[in-house]
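Chemist: Pasting a predicted model and its sequence here:
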Amino acid sequence: MLQPRLTSVKPLDTLRLLLVYEDGDTREFDVAPYANGPWYGELADAAYFRSVRISDGGTGIEWPHGQDIAPHELHDLSKPVTQS
């Protein structure tokens with residue numbers, strides 16, 4: 001199943017991301033389980049983590065050195081955020 005495109009990604013404290021999709025769905029994704037090892041370990045650096053951006057076309061996210069997370073993982077493993 002195709003996920004809606006991302007319109008916004010905002011880094012939060014403790015290696016979490018706030019994701020906003022084109023359909024209005026707002027979700028929170030925990031990056032902590034990914035932030036280890038030689039490739040993804042760089043995400044544990046707070047300044048680098050905050051450099052996250054939406055990839056071309058809004059299908060996913062990426063960091064400057066090429067780390068990314070698959071669109072289906074972002075959507076399927078994130079938790080809905082209720083607006084109050």
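Modeler: Perfect, I can see it now.
Chemist: Would you mind finding the longest helix in this structure?
Modeler: Selection of the longest helix in the chain by residue count, based on DSSP state H, yields helix 71-76.
Chemist: Mind giving me the packing neighbours of the helix or strand that it is followed by?
Modeler: Downstream of helix 71-76, the next assigned helix or strand under DSSP states H and E is strand 79-80. The helices and strands touching strand 79-80, judged by 3 or more Cβ pairs under 8 Å, 6 or more residues apart in numbering; DSSP states H and E, are strand 26-30. Heads up, the C-betas are built off the backbone N, CA and C, glycines and all.
Chemist: strand partners of the strand it packs on, parallel vs antiparallel please.
Modeler: Paired neighbours of strand 26-30 in the sheet (DSSP bridges): strand 16-21 (antiparallel), strand 79-80 (antiparallel).
Chemist: Can you add mean neighbour count and distance to residue 36 and give these back as TSV?
Modeler: TSV is the format used below for the strands paired with strand 26-30 (neighbours: other Cβ atoms under 10 Å; distance: least, Cβ to Cβ, whole Å):
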stretch	mean neighbour count	distance to residue 36
strand 16-21	18	16
strand 79-80	10	21
